[in-house]
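[1] what would the 3D arrangement of this be:
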Amino acid sequence: MNLPVLMYHRIQLEPDKCSDLAVTVKAFQAQMAWLKKQGYQTITLARLSGSCRDKTLLPARPLIITFDDAYVSVFEWARPILAAVGFTATVFVVSRAVGRYNFWDDGQNLPRLTCLGISELRNLADAGWEIGSHGTEHLNMTDLSGEQLRRETADSKQELEKKLEQPVEVFAYPFGSWNEPARLAVQSAGYGAACAISPGTSSVTADLLALRRVYVKPTDSLWDFRRKVSPWYLSYRAWKKR
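    Predicted structure coming up:
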């Protein structure tokens, strides 16, 4: 199955020429308005994985919107824009960064960015958003030993479930990087779906533990965005990776 699984990080008022992860409010608003006009409906990753396994029906034009790292800007800017068009999203949380900042960027001459606190995450969950794990410390999982992989997957799941008092069923590989040991650790931890960035699979959902996402860049025009979510482009990306 091919459907758009969009990947964002930060939403902010002004462009950030030093970052390829910060989409402006104006651009994000235009993208969501276009998707709404085209008849897209947002679903959760848990619903997608359930549909793939049980063959249950999805909306005619399903869409998944994801945010990695769980920055406060998601709550401040993305949440009201999505609510205005009746959309929800999935936010991937670094479990030991809840209410803190992007400590994984320390030493790289990058700004400190505040991460969502538990009350904000619960607010999003109450509004129908899906909360997933992005590891305990946002480590590149292709560099980790078996015990480290267990901590990033199983421990992060347990920590978030304790804080949120609800199940955490989905995962996103930090930096989009994964290999077979990382995939097996995600599976062993009990996640039903996991997001990568661009695995070479025949379709977006060919591997539920390495779902292919569309990276929405700050430099994307609305035409670029429309092209990236089109069925032919999603199919082309699979063909290109062969």
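
[2] packing partners for the longest helix seen in the chain?
    When every helix of the chain is counted residue by residue (DSSP state H), the longest turns out to be helix 25-37. Here helix 25-37 touches strand 10-12, helix 79-84, helix 222-229, going by 3 or more CB pairs under 8 Å, 6 or more residues apart in numbering; DSSP states H and E. The way it works is simple: take the backbone N, C-alpha and C, and place the C-beta from them, glycine included.

[3] could you pull out the helices in the protein for me?
    Taking DSSP H as the criterion, the chain carries its helices at 25-37, 45-54, 72-73, 79-84, 118-126, 146-150, 156-164, 180-189, 222-229, 231-240.

[4] out of those helices, flag the one nearest residue 171.
    Proximity to residue 171 (CB to CB) singles out helix 180-189 among the helices of the chain, at 5.2 Å.

[5] and the most centrally placed residue in the chain, how close does it get to residue 54?
    A centroid search over the chain (CA atoms, centre = their mean) returns residue 66, at 3.2 Å, as the residue closest to the centre. Here residue 66 is placed at a distance of 22 Å from residue 54 (CB to CB, to the nearest Å).

[6] one more: residue 1?
    Residue 1 is 13 Å from residue 54, by CB to CB.

[7] and the two? which has more neighbours close in?
    residue 1 (12 against 7; other CB atoms under 10 Å).

[8] ok, now which ones touch the more buried one?
    Counting by CB atoms under 8 Å, 6 or more residues apart in numbering, residue 1 touches 52, 203, 204, 205.

[9] the second one reaches residue 5, doesn't it?
    No. With the criterion set as CB atoms under 8 Å, residue 203 and residue 5 do not qualify as a contacting pair; they are 11.4 Å apart.

[10] looking at these two, which is more packed in?
    residue 5 (24 against 14).

[11] isn't the more buried one right up against residue 210?
    No. Counting by CB under 8 Å, residue 210 is not a contact partner of residue 5; they are 11.5 Å apart.

[12] scan this protein for its longest strand.
    Scanning the chain for the strand with the most residues, using DSSP state E, yields strand 62-68.

[13] angle of that strand against helix 25-37?
    Angle of strand 62-68 versus helix 25-37, following axes from the mean of the first three to the mean of the last three CA atoms, to 10 degrees, is 160 degrees.
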